[in-house]
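In: Here you go, sequence then predicted model.
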Amino acid sequence: MEFQNNTLYQIELSERLRTFLLLSGVQNEYNISHTLSHFFQNTNITYQWEKDWPIWIEYIKANNISTESPLPFPDRAWQFGSMVPKDSDWKMEPIKSKESIISSFKPIFILVSIFTWTALYYLIIFRLL
């Protein structure tokens, strides 16, 4: 990971560590922020990904943070933008129902209501003049 300055590196590293904690089953934001704060305050990072990752793993082992995820995440699928593996039986296309058909008429309903209220407004104004 090549970064222009240390702040960008720390932001990227903290996001990766936060994702690691989330995927490990730590769901409480307070625990995540406390863990990351404690890690950055008490360790000397080298600003090189290859050297900082083993430091993080040692920190995890020293503080007995569980790395077992309670959810059955597929290996490395989260890195490619989807928690659902491509070979799963889950359907990716949206389910068409009455609700989706009715919701497609919402923009038309909004336009018709705006036109109706505008017409009523002008009829009242010009009728009173």
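Out: Right, received. Where do you want to start?
In: now this structure, which segments are flagged as low pLDDT?
Out: Along the chain, segments meeting pLDDT under 70 span 1-5, 67-102, 129.
In: the helices in it, which residues?
Out: Using DSSP state H, the helices of the chain run over residues 6-23, 29-42, 49-62, 98-103, 106-128.
In: want to try a markdown table for those, with mean neighbour count as columns?
Out: Where you see a C-beta, it was placed from the backbone N, CA and C, and this is true even at glycine. Below are the helices of the chain laid out as a markdown table (neighbours: other Cβ atoms under 10 Å):
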| stretch | mean neighbour count |
| --- | --- |
| helix 6-23 | 15 |
| helix 29-42 | 13 |
| helix 49-62 | 13 |
| helix 98-103 | 9 |
| helix 106-128 | 9 |
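In: Check the gap between the closest residue to Asp52 other than its chain neighbours and His34 for me.
Out: Nearest-residue entry for Asp52: Ile45, 4.9 Å, with adjacent residues in sequence omitted and distances by Cβ to Cβ, 6 or more residues apart in numbering. Separation of Ile45 from His34 (Cβ to Cβ, to the nearest Å) stands at 18 Å.
In: now do Tyr59
Out: On the measure of Cβ to Cβ, Tyr59 and His34 end up 13 Å apart.
In: Give me the distance between Trp56 and Phe105.
Out: Distance, Trp56 to Phe105, using Cβ to Cβ: 52 Å.
In: Glu15 too?
Out: Taking Cβ to Cβ, one finds Glu15 at 41 Å from Phe105.
In: Excluding covalently adjacent residues, which one is nearest to Ile55?
Out: Spatial nearest neighbour of Ile55, excluding adjacent residues (Cβ to Cβ, 6+ apart): Thr43 at 5.7 Å.
In: any idea how far Phe109 is from Val26?
Out: From Phe109 over to Val26 the distance is 45 Å, taken as Cβ to Cβ.
In: swap in Asp52?
Out: As judged by Cβ to Cβ, Asp52 and Val26 stand 19 Å apart.
In: care to break the chain down by domain?
Out: Per automatic domain parsing, the structural domains of the chain span 6-80, 98-128.
In: Roughly how far does Leu128 sit from Phe115?
Out: 21 Å.
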